[in-house]
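Trainee: Here is my input, please return the structure:
(chains A and B)
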2 protein chains.
Amino acid sequence: MTQATFRARAQCEALDRNDTLQGFRDRFALPENIIYLDGNSLGALPKATPARIARLVEQEWGGDLIRSWNIHGWANLQQRVGEKIGRLIGARPGETLVADSTSVNLFKLLATAVQLRPERRIILSEASNFPTDLYIAEGLAGFVGRGHQLRALPTDAIEAAIDDDVAVVMLTHVNYRTGRMWDMARITARAHAAGALMLWDLAHSAGAVPLDLAASGVDLAVGCGYKYLNGGPGAPAFLFIAAHLQNLVSPPLSGWFGHENPFAFEPTYRPAPGIACAAVGTPPVISLAALEVGVDLMLAADAHEIRRKSLAQTRMFIDLAGQHLGPYGFTLVSPLEDAQRGSQVCLAHQAAWPIMQALIARGVIGDVRAPDILRFGFAPLYLRYVDVWDAIMQLEHVMQSGAWKEARYQAKAQVT
Amino acid sequence: MTQATFRARAQCEALDRNDTLQGFRDRFALPENIIYLDGNSLGALPKATPARIARLVEQEWGGDLIRSWNIHGWANLQQRVGEKIGRLIGARPGETLVADSTSVNLFKLLATAVQLRPERRIILSEASNFPTDLYIAEGLAGFVGRGHQLRALPTDAIEAAIDDDVAVVMLTHVNYRTGRMWDMARITARAHAAGALMLWDLAHSAGAVPLDLAASGVDLAVGCGYKYLNGGPGAPAFLFIAAHLQNLVSPPLSGWFGHENPFAFEPTYRPAPGIACAAVGTPPVISLAALEVGVDLMLAADAHEIRRKSLAQTRMFIDLAGQHLGPYGFTLVSPLEDAQRGSQVCLAHQAAWPIMQALIARGVIGDVRAPDILRFGFAPLYLRYVDVWDAIMQLEHVMQSGAWKEARYQAKAQVT
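Mentor: Numbers count the residues shown, from 1 in each chain, chains lettered A, B, ... in the order given. So this is what the prediction gives:
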């Protein structure tokens, strides 16, 4: 890794002046005096979102009522926003749909995977995967009840464990606790070589790192609308099924919005051709409209510029942490190697929670993952280089002053 | 059935003046010159909703960002709104949760039901049930793959078919095509006598007819947020699990929001105690907040006054249809008997579609269910007696003038 060394805030100001993405920050409604390093948990509010929602609620719902399903295209909203996300993740047209939550989509795709590999019993994943991925796989395996099993292994044991018992390898592309990024094409090829399917969770990737699902030969994927896509709290999630795997088995969750003709009200389920059959119930239109604004904003930016800036910012954060936090007992959790790092940097410290509370009290918002991880997410569309500088200076101040030791930061809150 | 005979609009005006619910109409943003008889498909917009959504989006999401999960109670929103809906349906505290879509909730509860009755193979339902109920049951039975089967029978064959092969009887309390209402307590007792579980779909009941799930001994139920609860397009749905059936089997969709401590990020799933374990993924907060406004409005009204007015209006509609539409070949599909009728009236006519289009062009909005049903829903919180009168007069005009025969009404749209 080569990186510049930052000695003055002025250097960061210069980088901001020359930032090709600088115009995007003004398209977000960011609170004053806050440095937001938690866009990997909940993305910021696009300024265009409130007006879009108000129009949807007041004119479409309030004014045109039931007719909006046709005249405002509500009936097609899952496909329309899905296609747009497909462009962000390198899917071919007709492979991406917005629907339900990431967890429910994981269930659908895992159920499909075990049906597509009926002679295999293992769902292989990382023990450090995001919990809901593991929970859903565990629940599915138990529910199917034919000897299926979730095998959750340490990260460095995954590749060797991909054998001909494995129906599907399920990994999160960028790990939520470490920011470590898998080599998508390589692991996918490994899974295929063993006859397994590959399912990627893109929660911390979509909108943050370049993705090319088609070129990587990915079979199945899910992802989240409310992180780097800035779709709003609990925004609907998305799912991806490669064209050659569509319509081979019946969807386990066969709801009316996945029917070939939902509004014919036929007594028997006939799956819609293509990705549309992964829809289930009536979609949450208001939340979908909010998501579309975030996705449109992301599509307006150059994905490679986003990655370039994200790497510059995470590298700068690591560099400044090295310069300023040396005496205070932090450990770098995220990879130093650019190619292995998503758009977040995590530091371990035994006092992670009170340190983060003291930092938040100073206007720098990251989060904590128990027991000891401080997470900092970098959303290049709205994060400036000076924010990176200021965040480290605040963190240094918190440590130097001992502010984090104050009693009010010691109690543990439920949500961090 | 006893009913008044209506001979003049003035009679309706008098009823409106004396309507104990008249104050509620002004709390909805209804378009001018529209008579909305489709609140059973998409409820109207409460006037308080846009401001609530704007506050959530701009202040909570935009201003407080990730901290809103704690400080604005987002983490508890599914339970909070679920408890309120529980009061509307006669559930005990801790039995109702807002989550996902009706279709996904049906899957969860059917999966739970077949696990609770492992020696039984039949899901019994009506052939005329709402399609997604049948589709989900069919998909679940196929996915379980242990000889489970959906048995969908004609309405009058249901009771006799409840035998000791039946794991669960799944019925929609008020039928979407006919408005016919089951006797909930009686059928539930029939199911229990045969050792089966009883699952009610309350999509056309919640907010429309009095419900007492506790007194009726109901086991499981699902329902819809966007019809009579006025929660907005694709509002999240709700589900009900009677206390004595909670936590007996592991949820098939075991997502992180159903974990006992989601934010501890534990590697193993531990279901939350009680109804909370029926949550799956991150909930759609914006849509949930919109739903809460609709539910609060419904809670402010007296459920028995709603039923009294609903019956008076549906009776009036039937009476006026008899007086004014005699020559035009309509058949009454909905029951004449009050106790068997939900809050809608359906008429059959072979030209249902063009007739409805001509009626909508005159500002009276109902809908059509193929091939021949005209549906009219009655939402007593915002529907006046004069609207009922005017709707029939417009329908008479459409038939008398032959307006429905105009070419522009003949083409069939996708969504009706």
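Trainee: all strands of the stretch 1-150 of chain A, in order?
Mentor: Ranges of strands in the stretch 1-150 of chain A, per DSSP state E, counting those that start in this stretch, are A:35-36, A:96-98, A:122-126, A:149-153.
Trainee: quick one, which of those strands is packed in tightest?
Mentor: strand A:96-98 (a mean of 29; mean count of other Cβ atoms under 10 Å in any protein chain shown). C-beta here means a position set from N, CA and C on the backbone, and glycine is covered the same way.
Trainee: How far off centre is that one?
Mentor: 14 Å (Cα atoms, centre = their mean, to the nearest Å).
Trainee: and that strand, what other elements does it pack with?
Mentor: Counting by 3 or more Cβ pairs under 8 Å, 6 or more residues apart in numbering or on different chains; DSSP states H and E, the packing neighbours recorded for strand A:96-98 are helix A:77-89, strand A:238-241.
Trainee: Mind listing the strands it pairs with, and their directions?
Mentor: Strand A:96-98 has the following strand partners under DSSP bridges: strand A:238-241 (antiparallel).
Trainee: Give me the mean pLDDT for the partner strand.
Mentor: What strand A:238-241 shows for mean pLDDT is 98.
Trainee: Close to chain B: what parts of the stretch 151-300 of chain A are there?
Mentor: Applying Cβ under 8 Å from any Cβ of the partner chain, we find that the stretch 151-300 of chain A lies next to chain B at A:152, A:177, A:224, A:226, A:232-237, A:250-257, A:259, A:262-269, A:280-288, A:290.
Trainee: State the mean pLDDT of stretch A:383-399.
Mentor: Mean predicted confidence for stretch A:383-399 is 98.
Trainee: next one: it to chain centre, how far?
Mentor: Stretch A:383-399 sits 24 Å away from the centroid of its parent chain (Cα atoms, centre = their mean).
Trainee: Stretch A:333-347 too?
Mentor: 15 Å.
Trainee: Please save the CA atoms from it in PDB.
Mentor: Taking Å, rounded to 0.1, in the frame of the first residue of the first chain, the C-alpha atoms of stretch A:333-347 are listed here in PDB:
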ATOM      1  CA  VAL A 333      -9.200  -4.500  12.400                       C
ATOM      2  CA  SER A 334      -9.700  -3.700   8.700                       C
ATOM      3  CA  PRO A 335      -7.300  -4.800   6.000                       C
ATOM      4  CA  LEU A 336      -4.500  -2.500   5.000                       C
ATOM      5  CA  GLU A 337      -4.600  -3.900   1.500                       C
ATOM      6  CA  ASP A 338      -6.900  -1.800  -0.700                       C
ATOM      7  CA  ALA A 339      -8.300  -4.700  -2.600                       C
ATOM      8  CA  GLN A 340      -9.400  -6.400   0.600                       C
ATOM      9  CA  ARG A 341     -11.100  -3.400   2.100                       C
ATOM     10  CA  GLY A 342     -14.600  -2.200   1.700                       C
ATOM     11  CA  SER A 343     -15.700   1.300   2.500                       C
ATOM     12  CA  GLN A 344     -15.300   1.200   6.300                       C
ATOM     13  CA  VAL A 345     -12.500   1.100   8.800                       C
ATOM     14  CA  CYS A 346     -12.800  -0.600  12.100                       C
ATOM     15  CA  LEU A 347     -10.700  -0.200  15.200                       C
END
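Trainee: near chain B at all, it?
Mentor: No: Stretch A:333-347 lies apart from chain B when judged by Cβ under 8 Å from any Cβ; the minimum separation is 13.3 Å.
Trainee: Do I have it right that A:Leu37 meets A:Ile360?
Mentor: No: at 10.1 Å, A:Leu37 does not count as touching A:Ile360 under the criterion of Cβ atoms under 8 Å.
Trainee: about what we covered before: the strands of the stretch 1-150 of chain A: which one's closest to A:Ala8?
Mentor: strand A:35-36 (18.1 Å; Cβ to Cβ).
Trainee: what residues are up against the residue lying closest to A:Leu42 once chain neighbours are set aside?
Mentor: Distances taken as Cβ to Cβ, 6 or more residues apart in numbering or on different chains put B:Ile66 closest to A:Leu42, at 4.6 Å, once the chain neighbours are dropped. Listed by Cβ atoms under 8 Å, 6 or more residues apart in numbering or on different chains, the contact partners of B:Ile66 are A:38, A:41-42, A:365, A:367.
Trainee: Mind putting those into a markdown table with neighbour count?
Mentor: A markdown table is the format used below for those (neighbours: other Cβ atoms under 10 Å in any protein chain shown):
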| residue | neighbour count |
| --- | --- |
| A:Asp38 | 24 |
| A:Ser41 | 22 |
| A:Leu42 | 28 |
| A:Ile365 | 24 |
| A:Asp367 | 22 |
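Trainee: In CSV: those, plus pLDDT.
Mentor: As requested, the contacts of B:Ile66 are exported to CSV (pLDDT from 0 to 100):
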residue, pLDDT
A:Asp38, 98
A:Ser41, 97
A:Leu42, 98
A:Ile365, 98
A:Asp367, 96
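Trainee: Restricted to helices, list those residues.
Mentor: Among the contacts of B:Ile66, none falls in helices (DSSP state H).
Trainee: from those, which single one is nearest B:Leu325?
Mentor: A:Leu42 (54.6 Å).
Trainee: was I right about the closest one contacting A:Gly234?
Mentor: No: using Cβ under 8 Å as the test, A:Leu42 is too far from A:Gly234 to be in contact (9.2 Å).
Trainee: which residues are in contact with both of those two?
Mentor: The overlap between the contact sets of A:Leu42 and A:Gly234 (Cβ under 8 Å, 6+ apart) consists of A:Tyr226.
Trainee: leaving aside the residues next to it on the chain, what's closest to the residue of the stretch 151-300 of chain A found nearest chain B?
Mentor: Chain B sits closest to A:Gly281 of the stretch 151-300 of chain A, with a gap of 2.5 Å, by Cβ to the nearest Cβ. Computed as Cβ to Cβ, 6+ apart, the closest residue to A:Gly281 that is not its neighbour in sequence is B:Ser101, at 2.5 Å.
Trainee: And A:Leu97, by the same measure?
Mentor: Nearest non-adjacent residue to A:Leu97 (Cβ to Cβ, 6+ apart): A:Gly82, at 4.0 Å.
Trainee: show me what contacts the residue sitting nearest the centre point of chain A?
Mentor: Residue closest to the average C-alpha location in chain A (Cα atoms, centre = their mean): A:Ala203, at 2.0 Å. Neighbouring residues of A:Ala203 by Cβ under 8 Å, 6+ apart: A:102, A:130, A:172, A:174, A:176, A:222-224, A:227.
Trainee: what about it, is that helix, strand or coil?
Mentor: The three-state label given to A:Ala203 by DSSP: H, G, I helix; E, B strand; the rest coil is coil.
Trainee: Go ahead and confirm the residue of the stretch 151-300 of chain A closest to chain B touches A:His259.
Mentor: No: between A:Gly281 and A:His259 there is no contact under Cβ under 8 Å: 11.3 Å.
Trainee: In terms of neighbours, single out the busier of the two.
Mentor: Regarding A:Gly281 and A:His259, a neighbour count based on other Cβ atoms under 10 Å in any protein chain shown identifies A:Gly281 as having more, with 27 against 23.
Trainee: contacting residues for the more buried one?
Mentor: Contacts of A:Gly281 (Cβ under 8 Å, 6+ apart): A:255-257, B:100-104, B:132, B:237.
Trainee: Now, of the residues of the stretch 151-300 of chain A next to chain B, which are buried?
Mentor: By neighbour count, with 16 or more other Cβ atoms under 10 Å in any protein chain shown, those hold A:152, A:177, A:224, A:226, A:232-237, A:250-257, A:259, A:262-263, A:265-266, A:269, A:280-288, A:290 as buried.
Trainee: any idea how far B:Arg55 is from A:Leu347?
Mentor: Distance from A:Leu347 to B:Arg55, counting by Cβ to Cβ, to the nearest Å: 35 Å.
Trainee: Settle it for me: which of the two has more neighbours?
Mentor: More neighbours surround A:Leu347 than the other of A:Leu347 and B:Arg55, with 24 against 14 (other Cβ under 10 Å).
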